[in-house]
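Visitor: Okay, structure incoming, though there's no sequence with it:
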């Protein structure tokens with residue numbers, strides 16, 4: 001499972017001109033599901049994201065988590081995080097999970113982070129979405145459950 005996690009002051013997603021998810025202070029999470037991912041991976045990734053200390057404390061140091069600042073999460077599926085363009089111009093997505101499996105694990109990630117006490121907003125799986133955000137810092141973290149980066 002791969003995630004691009006961005007600290008935001010606001011973020012929203014629309015589908016066909018209709019707002020489907022919106023948050024203020026929190027994290028914008030672009031989430032890709034890999035072929036080998038499992039339920040355990042989805043839960044572990046949710047815990048990692050919710051506890052990632054990338055919000056500033058009173059001294060201005062990144063020392064607080066999403067849970068500590070009581071922020072929200074906007075979770076958007078993005079299979080293109082598994083795009084492999086090494087040695088070619090057109091990315092291959094062979095490492096991405098098939099849509100039915102990806103949706104189940106995407107939903108599991110969302111449920112797991114919500115169970116931790118995070119308010120969750122989302123896009124609509126397998127649609128063309130427009131995402132808007134204000135990245136604060138800017139702070140952007142890349143996570144990979146296989147720890148390839």
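Guide: Sure, I can see it. Remember, predicted model here, so these are calculated numbers, not experimental data.
Visitor: tell me which residues of stretch 78-98 are tucked away?
Guide: Buried residues in stretch 78-98, counted by 16 or more other Cβ atoms under 10 Å: 78, 79, 81, 82, 95, 96, 97. For every residue, glycine as well, the C-beta is placed using N, CA and C.
Visitor: cool, and stretch 37-46?
Guide: Within stretch 37-46, the residues scored as buried using 16+ other Cβ under 10 Å are 37, 41, 42, 43, 45, 46.
Visitor: Can you lay out those residues as TSV showing pLDDT?
Guide: Formatted as TSV, the buried residues of stretch 37-46 follow (pLDDT from 0 to 100):
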residue	pLDDT
37	98
41	98
42	98
43	98
45	98
46	98
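Visitor: out of everything not next to it in sequence, what's closest to the residue positioned nearest the centre of the chain?
Guide: Most central in the chain under Cα atoms, centre = their mean is residue 29, positioned 2.3 Å from the mean C-alpha point. Excluding its sequence neighbours, the residue lying closest to residue 29 (Cβ to Cβ, 6 or more residues apart in numbering) is residue 75, at 4.8 Å.
Visitor: residues touching that neighbour, list them.
Guide: By Cβ atoms under 8 Å, 6 or more residues apart in numbering, the contact set of residue 75 is 21, 29, 31, 106, 109, 110, 113, 120, 121, 122, 123.
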